[in-house]
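Student: The following block contains a protein sequence and its predicted model.
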Amino acid sequence: MFIVNIAGRLGKDPEARFTPSGQKVTAFTIATNHRKGKEDITIWVRVTVWGDRLDKIISYLKKGSAVIVVGKMNPPSSYTDKEGRTQISLEVTADMIEFSPFGNPDRAEQGNVATQGSEQMPYDQNAYNRPQPNYGSYSATGQGHSQHTTIDDDALPF
């Protein structure tokens, strides 16, 4: 199993369809950029979501939405494009979808963030500026130890 995290923007609105057995399948494409030297290369990845467990977040997605998808990478397939060139097709089966914190500024205007089809949580733009509570963290030096340790150079194995 090959798990990937992909951050990018939707190339089109998500499209839902149903298999002959009635199972829901939602698909969309994500464009992500990769810099090679001075050239930007756009890589397109098809994302497939099986069932309805991510429907809440998918309902907020549209063309241009910035997302992070975590899922299983399917084996690449190849096809021939209109100009006769061989192209590689990448596809991920999504396990989790999140809005990218580096995405569209309109996400903050909507005031909601949802992940994994969970309940909507209020978006707090100032959360990074507040001091974080200390929940039982431990110091790097440990309890009752001094901060400085003297090491004899002869005791080092190298």
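Tutor: In hand now; what should we look at?
Student: For this protein, which segments count as strands?
Tutor: Along the chain, counting by DSSP state E, strands occupy 3-10, 15-18, 24-36, 39-50, 66-73, 77-80, 86-99, 112-113, 121-122.
Student: Dump the ones you listed to a markdown table, plus mean neighbour count.
Tutor: No exception for glycine: its C-beta is placed from N, CA and C like everyone else's. Below are the strands of the chain laid out as a markdown table (neighbours: other Cβ atoms under 10 Å):
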| stretch | mean neighbour count |
| --- | --- |
| strand 3-10 | 16 |
| strand 15-18 | 10 |
| strand 24-36 | 15 |
| strand 39-50 | 14 |
| strand 66-73 | 19 |
| strand 77-80 | 9 |
| strand 86-99 | 16 |
| strand 112-113 | 16 |
| strand 121-122 | 8 |
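Student: Which of these sits closest to residue 58?
Tutor: Proximity to residue 58 (Cβ to Cβ) singles out strand 24-36 among the strands of the chain, at 5.7 Å.
Student: Pull up the pairing partners for the closest one, direction included.
Tutor: Sheet pairing for strand 24-36, assigned by DSSP bridges, gives strand 3-10 (antiparallel), strand 15-18 (antiparallel), strand 39-50 (antiparallel).
Student: Can you add mean pLDDT and give those strands back as TSV?
Tutor: Formatted as TSV, these follow (pLDDT from 0 to 100):
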stretch	mean pLDDT
strand 3-10	94
strand 15-18	95
strand 39-50	92
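Student: residue ranges with poor pLDDT in this protein?
Tutor: 103-158 (pLDDT under 70).
Student: ok so, going back, right, so of the strands of the chain, which gets closest to residue 57?
Tutor: Residue 57 lies closest, by Cβ to Cβ, to one member of the strands of the chain: strand 86-99, at 5.1 Å.
Student: ok, now which ones touch the closest residue to residue 50 other than its chain neighbours?
Tutor: Nearest non-adjacent residue to residue 50, counting by Cβ to Cβ, 6 or more residues apart in numbering: residue 25, 5.9 Å away. Counting by Cβ atoms under 8 Å, 6 or more residues apart in numbering, residue 25 makes contact with 16, 17, 18, 19, 48, 49, 50.
Student: Between the residues you listed, which sits nearest residue 99?
Tutor: Using Cβ to Cβ, the contacts of residue 25 come closest to residue 99 at residue 49, 15.2 Å.
Student: on that earlier part again, can you tell me how far the residue nearest to residue 50 sits from residue 83?
Tutor: Per Cβ to Cβ, to the nearest Å, residue 25 is found 30 Å from residue 83.
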